[in-house]
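S.K.: Need coordinates for the following:
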Amino acid sequence: TISSALTVLVLRSKISNYIWQAHCWADKEFYKNISGEWKGKIKFKTNDGLHELDVNAIIKHTFDDIHINFEGTTFESETLMANPEVSKGQKHLHYIYRNTPKAADRASFVGTAKLRVMILKPEEGMQTGNFVLRGKYYTERGTCGSIELVRITEECEYDVKLDDEASEDGAYGDDSAGPN
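M.R.: Model prediction:
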């Protein structure tokens, strides 16, 4: 029945998360769960100079899947593929995304990003022990930039909304910025 199937899915998810947490506790090199609500900045260069764009992200990370939902003042994005990697003791998140500009006259595009997953240190001025994602993004249009995100909560909603619905000077509309 449908209720039995739903019960199995919920239990599978809860059990796999308990197994995951136990594995993370036992093996400090194992990829940690990065689910949560994130805030940060995307930096990119245009003919007008260097720009910064505030972004929000929601990451839903399960034992076998990662989904990232980004939103900036000029764009939204969806994850097409994401892959966590641990190499030589460093944790990275590789992903491919589709960026959809909010302006109707702008075309969607695909991009990639490689972000390093790190734990914040006390001197970085944020809550110690929290995660930060830092790295580069590239688009099929030949643009690139950098991303820095800090996880602000481990609990999150599926939707992402910005505090301010528009940038102060509209400078980001030309690039539709970043990775997503």
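S.K.: so what's Lys43 up against?
M.R.: Leu50, His51, Glu52, Leu53, Gly145, Ser146, Ile147 (CB atoms under 8 Å, 6 or more residues apart in numbering). C-beta coordinates here come from the backbone N, C-alpha and C atoms, glycine included.
S.K.: Helices of the protein, start to end?
M.R.: For the chain, the helices defined by DSSP state H cover 2-26.
S.K.: now the strands for it?
M.R.: 36-46, 49-62, 65-72, 75-87, 90-101, 109-119, 131-139, 144-153 (DSSP state E).
S.K.: So which of those is nearest Ile2?
M.R.: strand 49-62 (21.3 Å; CB to CB).
S.K.: Tell me the neighbouring strands of the closest one, and mark each as parallel or antiparallel.
M.R.: According to DSSP bridges, strand 49-62 forms sheet pairs with strand 36-46 (antiparallel), strand 65-72 (antiparallel).
S.K.: And that strand, what's buried?
M.R.: His51, Glu52, Leu53, Asp54, Val55, Asn56, Ala57, Ile58, Ile59, Lys60, His61 (16 or more other CB atoms under 10 Å).
S.K.: what ranges of this protein fall below the confidence cut-off?
M.R.: 1, 3-31, 121-129, 155-180 (pLDDT under 70).
S.K.: what's the closest non-adjacent residue to His67?
M.R.: If the residues on either side of it in the chain are set aside, His67 comes closest to Lys60, at 4.6 Å by CB to CB, 6 or more residues apart in numbering.
S.K.: where's that neighbour relative to Leu50, distance?
M.R.: For Lys60, the distance to Leu50 (CB to CB, to the nearest Å) stands at 32 Å.
S.K.: How about Thr143?
M.R.: 13 Å.
S.K.: which residues are common contacts for those two?
M.R.: In contact with both Thr143 and Leu50: Phe44, using CB under 8 Å, 6+ apart.
S.K.: What is the neighbour count of His92?
M.R.: Residues near His92, counting by other CB atoms under 10 Å, number 17.
S.K.: ok, the residue lying closest to Leu115 once chain neighbours are set aside - contacts?
M.R.: Excluding the flanking residues, the one nearest Leu115 by CB to CB, 6+ apart is Gly135, at 3.7 Å. By CB under 8 Å, 6+ apart, the contact set of Gly135 is His92, Leu93, Ala113, Lys114, Leu115, Arg116, Ser146, Ile147.
S.K.: what does Tyr138 give?
M.R.: Counted by CB under 8 Å, 6+ apart, Tyr138 has contacts Gly111, Thr112, Ala113, Cys144.
S.K.: Brilliant, that's me finished.
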